[in-house]
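# Next come a sequence and a model predicted from it.
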Amino acid sequence: METKACLECSGKVIGRIDKKFCSDYCRNAYNNKVNKESKNLIRNTNNWLRKNYKILTELNTSGKTKVSRRKLFDKGFDFNFFTSIYTTKTGNTYFYVYDQGYLPLENELFLLIKKDL
């Protein structure tokens, strides 16, 4: 009978024929290493979305307001992170972070709106 080595620690694997790890600890450690990069990307993206959402919510207390690009930048807003884009029939393009949206206007101003869900 052939003995298999654990993919994580190279220890002896006992049990089913298709078993790859000697313990749950080794299985989790191996999978955490394999998925580390993609998990970091997702975590970082979600952190930026959360931060942008918080900024929009803080600045738009009435449901509809205008703010300057400078004010958004000063709070740490990153225009590269949003969840959806909506273009109206008139050609206006709204960017949304979940239900909080913004529309670029003239003179470095933005209209902040809250979408009713």
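Great, that's in hand. All of these numbers come straight from a predicted model, not from anything done at the bench. Residues are numbered from 1 along each chain as shown.
# So what does the nearest residue to residue 108 once chain neighbours are set aside look like in phi/psi?
Leaving aside its chain neighbours, residue 108 sits nearest to residue 69 (4.3 Å; criterion: Cβ to Cβ, 6 or more residues apart in numbering). In short, each C-beta sits where N, CA and C put it, glycine included. According to degrees, to the nearest 10, the main-chain angles of residue 69 amount to phi -60, psi -40.
# tell me the contacts of residue 69?
Contacts of residue 69 were listed using Cβ atoms under 8 Å, 6 or more residues apart in numbering, and they are 108, 109, 110.
# tell me what the helix or strand where residue 111 lies is packed against?
Using DSSP states H and E, the element containing residue 111 is strand 109-114. With contacts taken as 3 or more Cβ pairs under 8 Å, 6 or more residues apart in numbering; DSSP states H and E, strand 109-114 sits against strand 64-68, helix 69-75, strand 100-104.
# Just the residues contacting stretch 8-17, thanks.
Stretch 8-17 is touched from outside by 3, 4, 5, 6, 19, 20, 21, 22, 26, 27, 29, 30, with contacts defined as Cβ under 8 Å, 6+ apart.
# Now do the buried residues in stretch 35-47.
Residues of stretch 35-47 classed as buried: none (neighbour count, 16 or more other Cβ atoms under 10 Å).
# can you list the residues that contact that stretch?
residue 81.
# and that stretch, how far from the chain's centre?
Computed by Cα atoms, centre = their mean, to the nearest Å, the separation of stretch 35-47 from the middle of its chain amounts to 7 Å.
# what mean pLDDT does that stretch have?
Averaging pLDDT along stretch 35-47 yields 86.
# ok, now stretch 14-32?
Mean predicted confidence for stretch 14-32 is 93.
# List the buried residues for that stretch?
21, 22, 26, 27, 30.
# With only the CA atoms kept, save stretch 65-81 in CSV.
Extracted C-alpha coordinates of stretch 65-81, given in CSV (Å, rounded to 0.1, in the frame of the first residue of the first chain):
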residue,chain,number,x,y,z
THR,A,65,-26.6,67.6,-2.3
LYS,A,66,-23.7,69.2,-4.2
VAL,A,67,-20.1,68.9,-3.2
SER,A,68,-16.7,69.8,-4.7
ARG,A,69,-14.2,67.3,-6.0
ARG,A,70,-11.7,68.8,-3.4
LYS,A,71,-14.0,67.9,-0.5
LEU,A,72,-14.3,64.3,-1.7
PHE,A,73,-10.5,64.1,-2.2
ASP,A,74,-9.8,65.6,1.2
LYS,A,75,-12.0,62.9,2.8
GLY,A,76,-10.1,60.2,0.9
PHE,A,77,-12.6,59.3,-1.7
ASP,A,78,-11.3,57.2,-4.6
PHE,A,79,-13.1,57.5,-7.9
ASN,A,80,-11.8,54.2,-9.1
PHE,A,81,-14.1,52.2,-6.8
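# If anything else comes up later, I'll come back, but that's it for now.
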